[in-house]
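Colleague: after the sequence you'll find the predicted model.
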Amino acid sequence: MKNRERIQARFLRDALPARLAGLAADLGRVASSARHATGGAAAAAMLEESQYLIEWTAAEGETRGWGDARTRRRGDGGIGEAVGGGAATA
């Protein structure tokens, strides 16, 4: 991944819903690339980037006390509310 620090700074400026949407789009592109014989290297690079995006988001979640979203209930300030959704499901 090129200039990881710059990418991290840019990624972390976005609100959590935008980050998760971007990650979902990246993973969709990984799936699309992986279906093609010539897309293996591109898929591997995108997976590496996605790994960092997940790690950066998880690290922030730990500092903000999001905890384990699977055990949170609506109204307790969990990640479900942080992304504008309702209760998280297991």
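Modeller: Received the coordinates, thanks.

Colleague: how about the strands in the protein?
Modeller: Using DSSP state E, the chain contains no strands.

Colleague: got any ranges where it has weak pLDDT?
Modeller: Residues of the chain meeting the criterion pLDDT under 70: 1-2, 66-90.

Colleague: one more time with 80, if that's ok
Modeller: 1-2, 37-39, 61-90 (pLDDT under 80).

Colleague: ranges for the helices of it?
Modeller: 4-13, 16-34, 40-64, 79-82 (DSSP state H).

Colleague: list the buried residues of the second one.
Modeller: Neighbour-count burial for helix 16-34, with 16 or more other CB atoms under 10 Å as criterion, is recorded at 16, 19-20, 23, 30, 33. Glycine gets a C-beta too; all of them are placed from N, C-alpha and C.

Colleague: which among those residues gets closest to Gly39?
Modeller: The closest of the buried residues of helix 16-34 to Gly39 turns out to be Ser33 (CB to CB; 3.4 Å).

Colleague: okay, now the residue nearest to the closest one when sequence neighbours are not counted: neighbour count?
Modeller: Excluding its sequence neighbours, the residue lying closest to Ser33 (CB to CB, 6 or more residues apart in numbering) is Gly39, at 3.4 Å. With neighbours defined by other CB atoms under 10 Å, the count for Gly39 comes to 16.

Colleague: quick revisit: mind putting the buried residues of helix 16-34 into CSV with distance to Thr57?
Modeller: Below are those laid out as CSV (distance: CB to CB, whole Å):
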residue, distance to Thr57
Leu16, 7
Arg19, 6
Leu20, 7
Leu23, 7
Val30, 17
Ser33, 22
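
Colleague: which one of those residues sits closest to Met46?
Modeller: Val30 (4.6 Å).

Colleague: that closest one contacts Gly40, correct?
Modeller: No. Assessed by CB atoms under 8 Å, Val30 is found out of contact with Gly40, at 10.8 Å.

Colleague: residue at max distance from the center of the chain?
Modeller: Most distant from the centre of the chain: Ala37, at 26.2 Å, with distances by CA atoms, centre = their mean.

Colleague: if I look at that one, how far off is Glu48?
Modeller: Relative to Glu48, Ala37 is positioned 20 Å away (CB to CB, to the nearest Å).
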